[in-house]
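> starting from these lines, generate the structure:
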Amino acid sequence: MNTMATGYGAPGRMVAHNMVTTQFELDGFRVVRTLGVVRGIVVRSRSIFGTIGASLQTILGGNITLLTQLCEKTRSEAFDLMLQHSAELGGNAVVGARYDATEVMQGVTEVLAYGTAVVVEPSR
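Model prediction:
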């Protein structure tokens with residue numbers, strides 16, 4: 001199958017976001033090859049200014065938008081790295097996608113996006 005012709009991804013590029021699922025099957029497609037585990041890892045620390053700003057937001061209560069934005073940006077970067085890793089292996093989809101986060105030291109967090117890179121083709 002020519003992945004360039006289908007528009008579902010190609011080696012050296014990034015898998016399309018709509019070709020990723022937490023399920024182990026992608027609706028409307030069948031897995032023709034499993035390529036293995038792929039991951040994207042980002043390690044991020046808060047700046048002193050972000051820490052002070054977030055501390056001030058905790059006084060008021062509610063959503064701490066500075067930390068929400070930092071977390072969302074970090075998850076997005078890890079997710080995109082996982083999609084690039086899949087494309088580098090020749091995948092055009094990722095199944096079983098998951099996130100994990102670990103505080104590696106105070107104020108420094110690792111975010112891991114991982115899943116299984118696969119080659120899929122439309123179901124007949």
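
> drop to CA atoms for contacts and neighbour counts, all remaining ones
OK.

> list the contacts of the closest residue to residue 85 other than its chain neighbours.
Nearest residue to residue 85, sequence neighbours excluded (CA to CA, 6 or more residues apart in numbering): residue 38, at 5.9 Å. Going by CA atoms under 8 Å, 6 or more residues apart in numbering, residue 38 touches 82-83, 85-86, 114-117.

> ok, and the most crowded of the residues you listed?
residue 86 (33 neighbours; other CA atoms under 10 Å).

> mind checking the SS state of it?
Under DSSP: H, G, I helix; E, B strand; the rest coil, residue 86 falls in the helix class.

> okay, it: pLDDT?
If you check residue 86, the pLDDT there is 97.

> same check, this time on residue 69
83.

> next secondary structure after the host helix or strand of it?
For residue 69, the host element (DSSP states H and E) is helix 65-88. Following helix 65-88 in sequence order, the next helix or strand is strand 93-105 (DSSP H and E).

> show me what counts as buried in that next one.
By 16 or more other CA atoms under 10 Å, the buried positions in strand 93-105 come out as 93-97.

> much appreciated, bye for now.
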